[in-house]
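Undergrad: Pasting the sequence and the predicted model now:
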Amino acid sequence: MSIFQDTYKDSSLAPRSWDAYIGQDKAKERLRIAIDAAIERFESLKHVLILGPAGFGKTSLAEIVAKESKTELLSLTMTPNYDMKKLFNRLKEFEGGTVFLDEIHCLSKKDQHFLLDLLEKKKLSYPNGKVEYLSIPLTIIGATTEPDLLIKPLYDRFPYRIMLQPYSELEMAKIVERMALQLDMHPTKETCLALGKASAGVP
């Protein structure tokens with residue numbers, strides 16, 4: 001039993017459910033409401049931008065959103081020299097669902113412009129002028145540690161912008177405990193609190 005009287009309802013080190021994802025309660029509630037509303041309307045969840053420091057759980061949150069939305073997940077990490085043609089080809093092969101673009105701010109401003117039509121119209125506008133349209137259900141989740149590097153039109157294309165908040169010492173202790181339990185370790189409450197504090201707020 002948890003020394004903090006919580007239950008952790010999945011067995012992986014990284015959280016795979018709302019209950020196992022400790023902290024960020026406002027973000028989780030907002031996303032839950034948005035996902036439930038989209039499912040009720042038989043629509044794809046509108047695009048989401050997750051903002052927060054490295055190690056705050058952006059990838060785990062995207063994975064949970066895809067799972068709760070009952071969609072497949074395509075996860076890609078953006079780089080300064082990312083080939084947009086490669087990205088568009090991956091999307092053409094994708095059968096629909098949630099696409100996670102991690103480190104989206106790494107794209108050059110020019111390449112960020114190529115994402116505008118994708119988010120708004122599911123339109124693939126290639127650098128050579130070629131244009132194609134996707135007919136699949138599509139939710140884009142972008143993640144960034146540096147939102148100031150995003151061009152404003154791209155930032156504005158995300159209806160849901162989720163800013164992750166600092167973790168409290170108690171939340172960090174719970175995260176330590178949860179991960180320890182997955183490894184069949186049973187630290188004391190004092191140990192969890194000490195390790196959580198030593199982690200400097202980064203899960």
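TA: Looks like it came in fine.
Undergrad: can you give me phi and psi for residue 43?
TA: Per-residue torsions, residue 43: phi -120, psi 160 (degrees, to the nearest 10).
Undergrad: For the most centrally placed residue in the chain, which residues are in contact?
TA: Closest to where the C-alpha atoms of the chain average out (C-alpha atoms, centre = their mean) is residue 62, at 2.8 Å. By C-beta atoms under 8 Å, 6 or more residues apart in numbering, the contact list for residue 62 reads 48, 50, 73, 75, 98, 100, 102, 141, 143. For glycine as for every other residue, the C-beta is placed from the backbone atoms N, C-alpha and C.
Undergrad: My understanding was that the third one contacts residue 66; is that so?
TA: In this case it means residue 73. Yes. Assessed by C-beta atoms under 8 Å, residue 73 is found in contact with residue 66 at 3.9 Å.
Undergrad: Now the common contact residues for these two.
TA: Common contact partners of residue 73 and residue 66 (C-beta under 8 Å, 6+ apart): 97-98, 100.
Undergrad: Who wins on neighbours among those?
TA: Most neighbours among these, by other C-beta atoms under 10 Å: residue 98, with 26 neighbours.
Undergrad: where do the helices sit along the protein?
TA: Assigned by DSSP state H, the helices in the chain fall at 25-40, 58-68, 84-93, 109-121, 152-156, 169-182, 189-198.
Undergrad: so which of these gets nearest residue 136?
TA: Closest approach to residue 136 among these is made by helix 84-93 (8.2 Å; C-beta to C-beta).
Undergrad: which other helices and strands contact the closest one?
TA: Contacts defined by 3 or more C-beta pairs under 8 Å, 6 or more residues apart in numbering; DSSP states H and E place helix 84-93 against strand 72-77, helix 109-121, strand 123-125.
Undergrad: For residue 183, give me phi and psi.
TA: Residue 183 adopts backbone torsions of phi -100, psi 10, taken as degrees, to the nearest 10.
Undergrad: List the contacts of it.
TA: By C-beta under 8 Å, 6+ apart, the contact list for residue 183 reads residue 13.
Undergrad: cutoff 6 Å now
TA: Taking C-beta atoms under 6 Å, 6 or more residues apart in numbering, we find residue 183 in contact with no residue.
Undergrad: Model confidence score at it, please.
TA: Predicted confidence (pLDDT) for residue 183: 90.
Undergrad: could you measure it against residue 176, distance?
TA: Remark: distance between residue 183 and residue 176 (C-beta to C-beta, to the nearest Å) = 11 Å.
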